[in-house]
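S.K.: Show me how the following folds:
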Amino acid sequence: MAGLSLYFEDGHDDLDDFGFDDYGSECDGIRITAFLDAGQDNLTPLGRLEKYAFSENVFNRQIVARGLLDVLREFSDNENDFISVMETVARMSEDGEPSVRAELMEQIPNIAMFLHENRPNFPEAFSRYLVPIVVRYLTDPNNQVRKTSQAALLVLLEQGLMSKADMEGKVCPVILELTEPSSDDDYKIEAVAIMCKLVTMLTKDTVEHLLLLRFCELCSDVKLFQVRKVCAANFGEFCSIVGQEATEKLLMPKFFDLCSDSLWGIRKACAECFMVVSNCTSPEVRRTKLSPLFINLISDQSRWVRQAAFQSLGRFISTFANPSITGLHFCEDGTLREIQKICSGSHRQEMTTSNSSNSRNASIDGSPHSLIQSHSEQQQSTPVLTGPPSHPPEGSSSTQTQEDGIRLGHPEHSAPLSHQQTDECTMFNSFNFWRASLPDITEELELLQEEKRDEVIEKRDETMRETEGEGKEDVPSLDSQGPATSSQIQKVLDCLQPHLDDPDVQAQVKVLSAALKAAQLESETEDADESVSENNGSTGSPTSDELSAMSELSLTDAETSDLPSSSPVPVDDSEHSPEESVLIENVEEDKDSDTAKMCEEEKSKFQNVIPQQLLDQYLSMTDPARAQTVDTEIAKHCAFSLPGVALTLGRQNWHCLKDTYETLATDVQWKVRRTLAFSIHELAVILGDQLTAADLVPIFNGFLKDLDEVRIGVLKHLYDFLKLLHADKRREYLYQLQEFMVTDNSRNWRFRYELAEQLILIIELYSHSDVYDYLRQIALNLCSDKVSEVRWISYKLVVEILQKLYACEAHDLGLNFINELIMRFCHCPKWVGRQAFAFICQAIVEEDCMPMDQFAQHLLPSLLSLSSDPVPNVRVLVAKALRQSVLEKPYFKDPGSAYSDELEEALSELRMDKDRDVRFFATLDPNRNVMDTAALI
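M.R.: Below is the predicted model:
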């Protein structure tokens, strides 16, 4: 090895066997630094390093560069030699061969880490010798060398090896030079990319003073779209570093320009980083400027931009979240907790307005200017919701009108908090916030109906007299004493045929045609007709089927008619019989009621926490048309961000998302349902127990019967969801826990493992009797699983059940359970069961699940009987249980204990066991840390 030559004739591929990556200085094989050993040339090690580092053979120089770290370690004991090596490295960095320079640069991070560890000996070596190499290689003409230097620079910053002075004085000036307008295009594109990556590792002052203005200039680069695209993709990182003030003052104008760029790739990058940018702005800017900008992106002409915008929509909405509105906050461990309320005297006041009404949700920052501006924006966008009624309704006093005006028109100037602590149902009823209360006109309606009924009867009598007096039956009348028959309606239609030119007659014919169809359906069931006739009496009103049929027809007519759909069809009552007039009036009333119902459903979607357009776009993500025109997985993105949107809106606005959530829960794609299943426990925290029981529990029940891919999401957070339910509702799921034992694929053992883990937590939610009746059998079945990992976690479940029984002083149930464990495991014909019994006994003693006298009486004799088991694996765990757990308890450790003799005798036999492992654990010091024997189970 002393005279090993670094020249190989076989080619470059064979050199990989001698590379630094494969052989280190501790390797017994070939060392890269073998050329430093004494040879026939009588040169010193430094001389040989010089010889091969500047050899004419490229391969020799490559190997020297690859082994520089080991070379430095060889000479680290002598400072002069070390400095000589560093100077050699600096000279090697000027090698004309790109492969040598790239090889050298790959070793720079490793060398820098070595120098950092030995900083007391070489404090300035890295900054003096290596940093200039990295900086110079950033402008190297070879692309591979530049890429390697950029990667090395990022590693140095991530590891914290480069000082702030070196960054500001050496690295940043080079980056600024490369991003000059006159710089080469390739260099500029790479420099922008490396600058954007460096931002996250630099301080705020460094970015603001050196890079921020140049970044703003690059965002407006007209020549290279690649530069603008890199800036757009990393825009959020710059905003996060420089903070809110610099973002709104300098970066926001550039962001607006990038969002309206002519290239869709740049607009798409803006949509992807929209949430991060929004987090760095004030609530006022977020609502007034960013929201309209995002609406433009979500309606962009490019499908890819719309797709990215919809994917970011939920995350952008989540930036509007305010703990004072939601009543929830994130703890340090990442869990979502409800803000505690403070009750004082007769007035209940909260530290934060977690249950504030919808009318106060618009203002976030609390400044008077923002309050007024927020309210004016709401009036412009949703005048129906926020504007007060132009005329007060009849029957309402002026005082009530003024109160409504304050509540509706000026939500930010509402009464103090103590005056708003009303009933939650009344406070958050959206009906109260879009219109003034309607007066009670029930009595007036009854009087009008009686007057109209009298008029109808008088007109009918007059018509009958005229018809009888003339002796004509050209236009037959409909019997008002019961529902009109199909024959009577048909006669009326036949008589009206000659007058079809009149539009009024046409409308009448359409109504009667619908009534004819309904009457024909009714004629099929004569008994039903008789009951309907008796109920109607002399009212002359049509049946419910007639009304529904005529209602559908009237809505269709309103759409196809030349008249405006909002105005009723003009009908001249003088040309109609009284019965026909009643039919038409009923149809119009039904149409008005259906229209009012549709308006109620639409208005229930309104809120004022976020701009309504954002919510409307989010709710439209479940539209099947979106999957065709935007993204096939848009429903999955909607489901993924739904908890964040629900948190932002607060539980008082859950009605806006309820229908969307139910639609997603029944989506045909199991990935969508799986996403909801994994987050349903978080949504339950957001909504509270009442809404959870009403709206989430039915969906949760559906997930329990879904595919395993969906059920696993429910199972992983089963405890988190059940603990939020009331005790009576929670108890219903005891009957369904057994269903988790059945899976679509029996090989899916991780599903059963997760079930055992959740049951360990769920035990605390139920009484000891419920645990014994329902969870005990599931635990015993899991203990007999084919997979050892499932059995191992199930043994811990058994121990927790036994601890629960004795903690609740249910000694009879505990004794029954112990006897069942002895019969199932201690007397098991398979050695795995007997081994499990030894493990369970040890866990019971270590966890103090029961009094030691009870353990000695009921479990210890069976455990001692296994000390002579024919299977060594069983005796190993028995020896471990006795030596490390049982004998460490004072109850058994006392020399006067009644069981000390039996224990010592059993241990003596185990110490002389023929198996080496058994002897080891029988004589092992309990305080000694040994390997886990769980693998033996």
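
S.K.: name the element the nearest residue in space to M621 that is not next to it in sequence belongs to?
M.R.: Nearest non-adjacent residue to M621, counting by Cβ to Cβ, 6 or more residues apart in numbering: C638, 3.9 Å away. Bear in mind the C-beta positions are built from the backbone N, C-alpha and C, glycine included. Secondary structure from DSSP states H and E places C638 in helix 634-649.

S.K.: Quick one: name whatever helix or strand follows that helix.
M.R.: helix 658-665.

S.K.: by contact count, what packs against that following helix?
M.R.: helix 612-619, helix 634-649, helix 670-691, helix 697-704 (3 or more Cβ pairs under 8 Å, 6 or more residues apart in numbering; DSSP states H and E).

S.K.: Pick the most buried one from these.
M.R.: Mean neighbour count, computed with mean count of other Cβ atoms under 10 Å, is highest for helix 634-649 among the helices and strands packed on helix 658-665, reaching a mean of 24.

S.K.: what angle do that helix and helix 658-665 make?
M.R.: Here the directions of helix 634-649 and helix 658-665 differ by 150 degrees (axes from the mean of the first three to the mean of the last three Cα atoms, to 10 degrees).

S.K.: Okay, angle between helix 634-649 and helix 612-619 too, please.
M.R.: Going by the same axes, to 10 degrees, helix 634-649 makes 140 degrees with helix 612-619.

S.K.: Convert helix 634-649 to PDB, retaining C-alpha atoms only.
M.R.: C-alpha atoms of helix 634-649 as PDB (Å, rounded to 0.1, in the frame of the first residue of the first chain):
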ATOM      1  CA  ILE A 634     -61.700  19.500  -6.300                       C
ATOM      2  CA  ALA A 635     -64.100  17.800  -3.900                       C
ATOM      3  CA  LYS A 636     -61.100  16.400  -2.000                       C
ATOM      4  CA  HIS A 637     -59.500  19.800  -1.700                       C
ATOM      5  CA  CYS A 638     -62.800  21.100  -0.400                       C
ATOM      6  CA  ALA A 639     -63.000  18.400   2.200                       C
ATOM      7  CA  PHE A 640     -59.400  18.900   3.300                       C
ATOM      8  CA  SER A 641     -59.900  22.600   4.000                       C
ATOM      9  CA  LEU A 642     -63.400  22.400   5.500                       C
ATOM     10  CA  PRO A 643     -62.300  22.300   9.200                       C
ATOM     11  CA  GLY A 644     -60.300  25.500   8.600                       C
ATOM     12  CA  VAL A 645     -63.200  27.200   7.000                       C
ATOM     13  CA  ALA A 646     -65.600  26.100   9.700                       C
ATOM     14  CA  LEU A 647     -63.100  27.400  12.300                       C
ATOM     15  CA  THR A 648     -63.000  30.700  10.600                       C
ATOM     16  CA  LEU A 649     -66.800  31.100  10.300                       C
END
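
S.K.: Does L250 touch E217 like I think?
M.R.: No: between L250 and E217 there is no contact under Cβ atoms under 8 Å: 10.8 Å.

S.K.: quick one, helices of the stretch 801-937 of the chain?
M.R.: Residue ranges of the helices in the stretch 801-937 of the chain, as given by DSSP state H, counting those that start in this stretch, are 811-821, 831-846, 852-858, 860-865, 872-884, 890-893, 900-911, 916-923.

S.K.: Check which residues of the third one are buried.
M.R.: If I follow you right, that is helix 852-858. If you call a residue buried by 16 or more other Cβ atoms under 10 Å, then helix 852-858 has these buried ones: M852, Q854, F855, A856, H858.

S.K.: do the same with the second one
M.R.: Along helix 831-846, the positions that meet the burial threshold by neighbour count (16+ other Cβ under 10 Å) are 832-845.

S.K.: Output the contacting helices and strands for it.
M.R.: helix 788-807, helix 852-858, helix 860-865, helix 872-884.

S.K.: before we move on, back to that, with mean pLDDT and distance to Y774 as new columns, can the helices and strands packed on helix 658-665 be given to me in JSON lines?
M.R.: Below are those laid out as JSON lines (pLDDT from 0 to 100; distance: least, Cβ to Cβ, whole Å):
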{"stretch": "helix 612-619", "mean pLDDT": "93", "distance to Y774": "40"}
{"stretch": "helix 634-649", "mean pLDDT": "94", "distance to Y774": "30"}
{"stretch": "helix 670-691", "mean pLDDT": "94", "distance to Y774": "21"}
{"stretch": "helix 697-704", "mean pLDDT": "94", "distance to Y774": "15"}
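
S.K.: rewinding a little: could you report the separation of the residue nearest to M621 from D623?
M.R.: Relative to D623, C638 is positioned 10 Å away (Cβ to Cβ, to the nearest Å).

S.K.: Residues contacting stretch 832-843, please?
M.R.: Contact with stretch 832-843 is made by 783-784, 791, 795-796, 798-799, 821-822, 824-826, 828, 849, 855, 859-860, 862-863, 866, 869, 871, 873-874, 877-878, 880-881, 884-886, 936-937, as judged by Cβ atoms under 8 Å, 6 or more residues apart in numbering.

S.K.: quick one: the strands in this protein?
M.R.: 328-330, 336-338, 341-344, 347-350 (DSSP state E).

S.K.: Would you mind checking the average pLDDT for the third one?
M.R.: Across strand 341-344, pLDDT averages out at 47.

S.K.: Without its sequence neighbours, what residue ends up closest to T179?
M.R.: Using Cβ to Cβ, 6+ apart and skipping residues adjacent in sequence, the residue nearest T179 is A191, 4.9 Å away.

S.K.: how far away is that neighbour from S312?
M.R.: 28 Å.

S.K.: could you measure the residue nearest to M621 against M852, distance?
M.R.: Counting by Cβ to Cβ, the gap from C638 to M852 is 57 Å.

S.K.: now swap in Q150 and tell me
M.R.: Q150 is 66 Å from M852, by Cβ to Cβ.

S.K.: try L691
M.R.: L691 is 48 Å from M852, by Cβ to Cβ.

S.K.: List the buried residues for stretch 903-921?
M.R.: In stretch 903-921, counting by 16+ other Cβ under 10 Å, buried: L903, A906, L907, L910, D913, D915, D917, V918, R919, F921.

S.K.: for the fourth one, what are its contacts?
M.R.: Under the criterion of Cβ under 8 Å, 6+ apart, the neighbours of L910 are S867, R875, V878, A879, L882, V918, R919, F921, A922.

S.K.: change it to 10 Å
M.R.: For L910, the contacting residues are 867-868, 875-876, 878-880, 882-883, 918-919, 921-923, by Cβ atoms under 10 Å, 6 or more residues apart in numbering.

S.K.: pLDDT at it, what is it?
M.R.: Looking at L910, the pLDDT reads 92.

S.K.: How about it: what's its closest non-neighbour residue?
M.R.: L910 sits nearest to A922 (Cβ to Cβ, 6+ apart), 3.8 Å away.

S.K.: now the one you found: how far from V832?
M.R.: 21 Å.

S.K.: do the same with P611
M.R.: 63 Å.

S.K.: ok, now W654?
M.R.: Where V832 is concerned, W654 sits at a distance of 51 Å (Cβ to Cβ).

S.K.: for T622, same thing?
M.R.: 50 Å.

S.K.: Equivalent analysis for T247, please.
M.R.: To V832, T247 is 63 Å away according to Cβ to Cβ.

S.K.: Using a markdown table, please lay out the helices of the stretch 801-937 of the chain together with distance to D494.
M.R.: Below are these laid out as a markdown table (distance: least, Cβ to Cβ, whole Å):
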| stretch | distance to D494 |
| --- | --- |
| helix 811-821 | 83 |
| helix 831-846 | 89 |
| helix 852-858 | 95 |
| helix 860-865 | 97 |
| helix 872-884 | 97 |
| helix 890-893 | 104 |
| helix 900-911 | 107 |
| helix 916-923 | 104 |
